[in-house]
Structures are given as structure tokens and as C-alpha cells.
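Peer 1: Below is the sequence, then the predicted model.
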Amino acid sequence: MNDEKIIVPLDVPDLESAIALVDKLPQVTFWKVGLELFTSTGPKILEILKSQEKRIFLDLKFHDIPNTVAGACRAAAGYGVDLLTIHATCGKDALKAAAEAVQIGAEKAGTKPPQLIAITLLTSISARQLAFDLKIPLELPEFALEMALLAQNSGLNGAVCSPQEVQQLRASCEKDFLLVCPGVRPTWAEKGDQKRSLTPSQAITAGADYLVIGRPITAAAVPELAWNQIVEELKI
Ligand SMILES: O=c1ccn([C@@H]2O[C@H](COP(=O)(O)O)[C@@H](O)[C@H]2O)c(=O)[nH]1
């Protein structure tokens, strides 16, 4: 079912708004909790989602030294979430430490370890910004692929990439390496700050395992209609 491949971010400022959004979209089975909501309200939302048997993507995008990311991953694994993020640019030592830490954290808490996935390059970064602001001397698709391979070789379960790179990553990474794509935009939606987008059906055709689709649904006048339209478009 393609609708189970859609992850909707709860990019809202407080618990009340998060609960209202979850109630408005009962058909959503996979929710993402990110920096805004987790920083403002902590883990309470995770308990609420779990009590409703929702799957959870805890998108905290850890980026720190090995000892620190390992500690954060151990703690996050204790929440029993399904997906957890770290930046690939933390480097191999930190990625390996994080991969080990989610196993330890989950075992200690008696939970299933989350799939640890690495951000390759934020979908809000353009090729021009990569070259001129970040001074990375690789072509963008090559950089994204290198970051995905670094994650894979460090024992991570998958990567977050833009839909524009997913076909190349799918061809080069292991079959079971998860590829999660934010920056997905139906033709009728605003791109906003997303720089490297494709439509939901293009992203799935290119090999994405999951699509993260936020504002086209959550900022729509009627979120349920936007969700239905995307699900219909994915059936074609
Ligand atoms: O490279 C990345 C990594 C994470 N995100 C997150 O996905 C959603 C996208 O929301 P939209 O409203 O559909 O733009 C958001 O929570 C980001 O934090 C990303 O966009 N790009």
C-alpha cells in the first residue's frame, strides 16, 4: 500500500497542535517528530503516538562527536521509535558509534532498535550552495552518494536523500538499505524552501522506500483532501 510509504511530519510548536493534526488525519500511519516539536514538548508526543499504534520517525538529525552522538542514540533508542536520524557528515567514527549505541539503548530499554538513517545532504541545499557556500568540491549527486555509502559502510540502515538522487543511490546501495525522501512536492504544491524536489509518484518510481510530505498536506486548507489527492496520484 503506497499510503503506508508516506510519513507526515508533525512540524508544529506544541503538543496541542500535534494532537489536533493527528486527530485530523487518522489515516496517517507514520508520523515524523522533528526538532521543533521535540524541543518544545519532549517525548510526551511519542507516548501518544505509540498508544495509537502509529509508527514514529524521530528526526533529531544528530550531529556531534562520537561520544555525544552515541549517548544521544542510546537515549533515543529507548523510546522505541522506528526511524532515527544522524548527519552522515558526523564522520565514520561517530556513525559507527551511533549504530552500536542504538542496539545497546534498545536492548537496555527492552525495545526494538530503530532503523538509524543518515542525512546525506539536506534537501534545502542547492548545487550552487553546496559549491559556493559549503565549498564542497564534488558534484551534488556524487556527494550525496558518497554520504550514503559512508553510512552504509558504517553499519547504518539507510539514508535520507532528495528524490532527485534516490535513483542513483538505489542503484549503488544494498537492496535493503532504506531510502527516505523528504522534499517531495505534488505538482500543485508550493516548493517553499525545498530545492531538490520531485513529485510523490516520481520519487516512488525512482526507488524511494518512504516519502516525507509535510506542508503540502499539513498546511492545506483541508489536510485530508490533500492527503487523498496524493494517495490517488500514487495509485496511477
Ligand atoms: O534533508 C531533509 C531532511 C529532513 N527534512 C524534514 O522533512 C520535512 C519536510 O517537510 P515539508 O513541509 O514537506 O517540506 C521537514 O520536517 C524537514 O525537517 C527535510 O525536509 N529535508
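Peer 2: Now that the structure is in, tell me what you want to look at.
Peer 1: Now do the contacts for the residue in the chain that the ligand sits nearest to.
Peer 2: The chain approaches the ligand most closely through Gly214 (2.6 Å), counting by CB to the nearest ligand atom. Yep, even glycine has a C-beta here, placed from its N, CA and C like the rest. If you count contacts by CB atoms under 8 Å, 6 or more residues apart in numbering, Gly214 has them with Val8, Pro9, Asp11, Lys32, Pro182.
Peer 1: The first one against Lys32, yeah?
Peer 2: Yes - because the distance of 6.8 Å satisfies CB atoms under 8 Å, Val8 is recorded as touching Lys32.
Peer 1: residues shared between the contacts of these two?
Peer 2: Common contact partners of Val8 and Lys32 (CB under 8 Å, 6+ apart): Val212, Gly214.
Peer 1: Let's have the contacts of Gly214 in JSON lines, adding neighbour count, secondary structure and distance to the ligand.
Peer 2: Below are the contacts of Gly214 laid out as JSON lines (neighbours: other CB atoms under 10 Å; DSSP: H, G, I helix; E, B strand; the rest coil; distance: CB to the nearest ligand atom, whole Å):
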{"residue": "Val8", "neighbour count": "24", "secondary structure": "strand", "distance to the ligand": "9"}
{"residue": "Pro9", "neighbour count": "21", "secondary structure": "strand", "distance to the ligand": "4"}
{"residue": "Asp11", "neighbour count": "19", "secondary structure": "coil", "distance to the ligand": "5"}
{"residue": "Lys32", "neighbour count": "24", "secondary structure": "strand", "distance to the ligand": "6"}
{"residue": "Pro182", "neighbour count": "25", "secondary structure": "coil", "distance to the ligand": "3"}
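Peer 1: what's the closest of those residues to Val22?
Peer 2: Closest approach between the contacts of Gly214 and Val22, by CB to CB: Val8, at 9.1 Å.
Peer 1: show me the contacts for the closest one.
Peer 2: Under the criterion of CB under 8 Å, 6+ apart, the neighbours of Val8 are Leu25, Val28, Phe30, Trp31, Lys32, Val212, Ile213, Gly214, Ile217, Thr218, Trp227.
Peer 1: can you tell me how far it sits from Leu140?
Peer 2: Using CB to CB, to the nearest Å, Val8 is found at 27 Å from Leu140.
Peer 1: Check Asp176 too.
Peer 2: 25 Å.
Peer 1: and those two? which has more neighbours close in?
Peer 2: More neighbours surround Leu140 than the other of Asp176 and Leu140, with 22 against 8 (other CB atoms under 10 Å).
Peer 1: Pretty sure the more buried one sits against Leu130.
Peer 2: Yes - between Leu140 and Leu130 there is a contact at 5.3 Å, judged by CB under 8 Å.
Peer 1: got the CA coordinates for the lengthiest strand in the chain in PDB?
Peer 2: Identified as the longest strand of the chain according to DSSP state E is strand 55-62. Extracted as PDB, the C-alpha positions of strand 55-62 are listed here (Å, rounded to 0.1, in the frame of the first residue of the first chain):
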ATOM      1  CA  ARG A  55       4.900   4.300  13.500                       C
ATOM      2  CA  ILE A  56       7.300   7.100  14.500                       C
ATOM      3  CA  PHE A  57      10.200   8.700  12.700                       C
ATOM      4  CA  LEU A  58      12.200  10.600  15.300                       C
ATOM      5  CA  ASP A  59      14.100  13.100  13.100                       C
ATOM      6  CA  LEU A  60      16.500  14.800  15.500                       C
ATOM      7  CA  LYS A  61      19.400  14.900  13.000                       C
ATOM      8  CA  PHE A  62      22.200  14.300  15.500                       C
END
